[in-house]
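*Asks:* Got a predicted structure plus its sequence, pasted below:
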Amino acid sequence: MAANSSSAASGNFRLFGSAEDEKPNPDIALGFLDSQQPPLPPPPPSLEVLSSEVSSSVKYNVEPVSVGGLTMLKGRVSTQEVFSLSNSDLVPGKYEGGLKLWEGALDLVKALCAEVENGHLSFAGKRVLELGCGHGLPGIYACLEDAAAVHFQDFNAEVLRCLTIPNVAANLSKKTEALSTNLTEPDARSEVRYFAGDWSELHKILPFASDNKEKLSGSFDGYDIVLMAETVYSLSTLKTLYKLITQCLSRPHGVVYLAGKKHYFGVGGGTRRFLSVLEKEGEMVSKLIAEVADGSSNVREVWKLSLK
């Protein structure tokens with residue numbers, strides 16, 4: 001789920017259906033955009049969260065989830081325990097949904113598996129950034145596929161400490177055990193780091209990012225692959241997200257994999273709205289690589305974006 005304080009919403013409400021909801025209701029909160037909106041609080045400071053800062057005070061439960069034939073682990077923590085919130089997907093400027101496992105994250109992992117199997121994608125030796133990571137399953141998959149570096153980002157440092165860090169550790173523990181018992185296997189452990197903060201400020205702390213336009217005009221030692229699921233839900237954040245991508249993406253061969261709903265009812269965003277930003281800027285091309293229309297929610301999509 002995306003992590004950005006400028007979401008065009010106010011108050012506590014359930015934003016849209018998730019992978020854990022049997023019957024999502026897309027009509028909740030319709031019309032709130034027409035109401036008077038109070039100013040949002042300032043975003044939290046951008047910072048790196050060390051893996052050693054994992055929370056020991058919040059209960060973390062884990063359960064398996066099957067993703068395209070791959071068994072991964074998903075953690076579960078209480079929103080009430082972490083943020084003193086109950087039954088809420090979003091509180092603008094405070095909590096941006098990072099503790100829930102959203103459908104788009106599973107869609108993205110499935111699409112990445114297919115891309116790797118078809119020979120259209122390789123993570124080996126690549127620098128990877130997952131934006132709005134939450135559970136971090138797409139980034140974890142990149143680690144399992146021998147990425148050189150995988151950096152996870154979420155709006156909330158609490159999400160990283162209470163969920164992302166332990167979830168990454170749980171999923172990668174088996175790989176670490178295999179490496180330690182097989183002396184002929186090359187050391188393919190990824191450099192894993194965690195970053196919290198608002199998208200508008202994030203480029204200042206990410207290791208492979210720059211706001212230097214002159215530097216971006218040529219080859220740029222940025223992230224080879226940017227992953228993001230359910231990050232395009234809010235209309236007000238799409239341009240900020242696009243700008244961050246241009247500040248992070250390696251040139252000229254960097255790619256972005258985006259998973260999300262075609263439309264997000266009540267908040268104005270969606271994959272097609274984000275693609276309209278790309279079209280207006282004229283710097284990237286897009287390709288639809290997966291579509292999910294299972295009848296349980298509105299149409300979900302996975303897009304591959306690349307520089308012209």
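*Replies:* Good, I have the coordinates. Numbers count the residues shown, from 1 in each chain.
*Asks:* Assign E291 to helix, strand or coil.
*Replies:* State at E291, reduced to three classes by DSSP: H, G, I helix; E, B strand; the rest coil: strand.
*Asks:* Quick check, pLDDT for it.
*Replies:* In this model, E291 is scored at 95, pLDDT.
*Asks:* now it, nearest residue through space, not along the chain?
*Replies:* Nearest non-adjacent residue to E291, counting by Cβ to Cβ, 6 or more residues apart in numbering: E301, 5.4 Å away. (C-beta placed from N, C-alpha, C; glycine too.)
*Asks:* Quick check: the one you found is in a strand.
*Replies:* Yes - per three-state DSSP, E301 lies within a strand segment.
*Asks:* Can you name the residues bridging to it?
*Replies:* Note on E301: beta-bridge partners G260, E291, judged by DSSP bridges.
*Asks:* thought it was touching T271?
*Replies:* Yes - judged on Cβ atoms under 8 Å, E301 makes contact with T271 at a distance of 4.9 Å.
*Asks:* In the stretch 201-308 of the chain, where is pLDDT below threshold?
*Replies:* Applying pLDDT under 70 to the stretch 201-308 of the chain picks out residues 211-220, 296-297.
*Asks:* Just the strands from it, written as ranges.
*Replies:* For the stretch 201-308 of the chain, the strands defined by DSSP state E, counting those that start in this stretch cover 225-229, 255-261, 284-292, 300-307.
*Asks:* The shortest one pairs with which strands, and in what direction?
*Replies:* In other words, strand 225-229. Sheet partners assigned to strand 225-229 using DSSP bridges are listed as strand 127-131 (parallel), strand 255-261 (parallel).
*Asks:* Just want the angle from the last one to strand 284-292.
*Replies:* Using axes from the mean of the first three to the mean of the last three Cα atoms, to 10 degrees, one finds that strand 255-261 and strand 284-292 are set 40 degrees apart in direction.
*Asks:* what's the spacing between R300 and F155?
*Replies:* Distance, R300 to F155, using Cβ to Cβ, to the nearest Å: 22 Å.
*Asks:* Tell me which of those two has more neighbours.
*Replies:* Ranked by neighbour count (other Cβ atoms under 10 Å), R300 and F155 place F155 first, with 31 against 24.
*Asks:* L47 is in contact with the more buried one, correct?
*Replies:* No - contact criterion Cβ under 8 Å: F155 and L47 do not qualify, at 11.8 Å.
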